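**Q** Attaching a predicted model along with its sequence, questions to come.
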Amino acid sequence: MKKLKQDFDDALSDRLGKYGIIVLDTSVVGLDFFPEFAKT
């Protein structure tokens, strides 16, 4: 979960940084995955 959050933070920072928006922290809660996704 920690790696997923870091990847999410990095991607969000990259996208929003282009508009001068700085992401300090995010909170990832309530993740549900389709069974097909969880198998991979």
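**A** Okay, I see it.
**Q** Which residue lies nearest the spatial centre of the protein?
**A** Phe8 (2.0 Å; C-alpha atoms, centre = their mean).
**Q** quick one: what helix or strand has that one in it?
**A** Assessed by DSSP states H and E, Phe8 sits inside helix 2-17.
**Q** Show me where the protein dips below the pLDDT cut-off.
**A** Flagging of the chain using pLDDT under 70 yields the residue ranges 38, 40.
**Q** re the thing from before, what helices and strands are in contact with the helix or strand following the helix holding Phe8?
**A** Next along the chain after helix 2-17, taking DSSP H and E as the criterion, comes helix 35-38. For helix 35-38, there is no helix or strand it packs on, judged by 3 or more C-beta pairs under 8 Å, 6 or more residues apart in numbering; DSSP states H and E. Quick note: C-beta positions are derived from backbone N, CA and C, even for glycine.
**Q** Tell me the gap between helix 35-38 and the middle of its chain.
**A** Distance, stretch centre to chain centre, for helix 35-38: 18 Å (C-alpha atoms, centre = their mean, to the nearest Å).
**Q** Let's see that helix as PDB, backbone CA atoms only.
**A** The C-alpha coordinates for helix 35-38 follow below in PDB (Å, rounded to 0.1, in the frame of the first residue of the first chain):
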ATOM      1  CA  PRO A  35     -11.300  -9.700  -8.800                       C
ATOM      2  CA  GLU A  36      -9.700  -9.800 -12.300                       C
ATOM      3  CA  PHE A  37      -7.300  -7.100 -11.300                       C
ATOM      4  CA  ALA A  38      -6.400  -8.700  -7.900                       C
END
